[in-house]
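quick one, fold the following:
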Amino acid sequence: WVTEILSVSPCEKPLHTQHPVNLQWWGDASTSFGIGIVIGQHWAAWKWKEGFQVGPGCKHNIGWAKATAVELGLRLALHLGLSK
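A predicted model of the protein is given here:
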């Protein structure tokens with residue numbers, strides 16, 4: 001019965017394309033300091049808590065820090081009302 005359903009229904013769905021928007025977003029993370037985000041004229045910075053370690057051999061590596069920078073940047077953009 002699965003084969004029958006697949007033969008009569010589409011196996012793909014087109015994605016709605018949106019035009020890209022330049023948010024003037026910039027963000028970065030470092031193992032020694034923390035995270036910085038700039039969106040247009042707005043900026044934010046977070047310093048790692050004393051004793052928190054990021055880097056090779058640590059629980060959190062630079063990939064985690066950079067992914068966190070992206071998430072914080074997206075949250076800042078939403079906070080600024082740039083979701084539309």
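
and whichever strand or helix holds Val38, average pLDDT?
Assigned by DSSP states H and E, Val38 falls within strand 34-39. Mean pLDDT, strand 34-39: 96.

residue closest to the middle of this structure?
Val70 (3.2 Å; Cα atoms, centre = their mean).

which non-adjacent residue is nearest it?
Gly27 (6.5 Å; Cβ to Cβ, 6 or more residues apart in numbering). To be clear about C-beta, it is placed using only N, CA and C from the backbone, and glycine gets the same treatment.

residues near that neighbour, how many?
Per other Cβ atoms under 10 Å, the neighbour tally for Gly27 reads 20.

again, but for the one 3 residues further on
A total of 15 residues lie near Ser30 under the criterion other Cβ under 10 Å.

what's the burial count for the nearest residue to Lys66 once chain neighbours are set aside?
Closest residue to Lys66 apart from its sequence neighbours, by Cβ to Cβ, 6+ apart: Ala29 at 4.8 Å. By other Cβ under 10 Å, 22 other residues sit near Ala29.
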